[in-house]
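Undergrad: Could you look at this predicted model? Sequence included:
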Amino acid sequence: MKDNDSPGKARATWKARRQTRPAGAVVPGPGQESVWDYPRPPALVPDTRLVQIRLDGVLLAESHAALRILETASPPTFYLPPGDVMSEYLSPDSGTSFCEWKGRATYHKVCVAEHCVSRAAWSYPEPLVEYNAIRDYLAFYPARVECHVDGERVRPQAGDFYGGWITGEIVGPFKGEPGTAGW
């Protein structure tokens, strides 16, 4: 979404609500979730599994109180409470983006010793009212830092913009993969 669009204008473009999975979508097996069963607008779901974030072996965050955003066609994004993140490793980074559902995101740089990763995390300091529960929570890009859910290393969602977390329980195909630009 362009930075100057309004949430209402962008939301109005979502006319159809999918009732079935599209052809080619993987049917989930026992204990799996299909991203094609996730809703639009996105759902916010508590997750008590152990979530850990590391860079160069240094623990940046550890939580049993994550919130997952579940949105059609995208792997879940995990948001961690600010008290579960070691803030000494984060600093504000340049740029913002805008989500028609959650609002304006700000970015954070992560530094461990001399190794700094730009825009490794993001947060919503003033989310839109429906997503106020993630105010100041932090989400991390698994392509830029090491993310784990209950000991499983997360695979990043394809594309430079998306921050979804792919684990063995999640099936797609996923937005961001080749050929998905129109999703």
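TA: On my side now, so go ahead.
Undergrad: what helix or strand is residue 53 on?
TA: In this structure, residue 53 sits in strand 51-55 according to DSSP states H and E.
Undergrad: burial measure for residue 71, as a count.
TA: 21 (other C-beta atoms under 10 Å). Where C-beta positions appear, they are placed from N, C-alpha and C, glycine not excepted.
Undergrad: which residues pair with the residue sitting nearest the centre point of the chain across the strands?
TA: Centroid-nearest residue in the chain, with C-alpha atoms, centre = their mean: residue 77, separated by 2.6 Å. In this entry, residue 77 is beta-bridged to residue 69, by DSSP bridges.
Undergrad: what's the spacing between it and residue 34?
TA: Per C-beta to C-beta, to the nearest Å, residue 77 is found 16 Å from residue 34.
Undergrad: Residue 47 too?
TA: Separation of residue 47 from residue 34 (C-beta to C-beta): 17 Å.
Undergrad: Tell me which stretches of this structure form helices.
TA: 7-12 (DSSP state H).
Undergrad: Tell me where it is predicted with low confidence.
TA: The chain contains residues with pLDDT under 70 at 1-19, 182-183.
Undergrad: what about residue 141, neighbour count?
TA: The number of residues near residue 141, taken as other C-beta under 10 Å, comes to 23.
Undergrad: Grab the nearest non-local neighbour of it.
TA: residue 163 (5.0 Å; C-beta to C-beta, 6 or more residues apart in numbering).
Undergrad: Just give the nearest non-adjacent residue to residue 65, would you?
TA: Nearest one to residue 65, counting by C-beta to C-beta, 6+ apart, is residue 81 at 5.3 Å.
Undergrad: Oh, that last question was meant for residue 153, not what I typed.
TA: Nearest to residue 153 is residue 146, by C-beta to C-beta, 6+ apart, at 6.9 Å.
Undergrad: give the contact list for that neighbour.
TA: 53-55, 153 (C-beta atoms under 8 Å, 6 or more residues apart in numbering).
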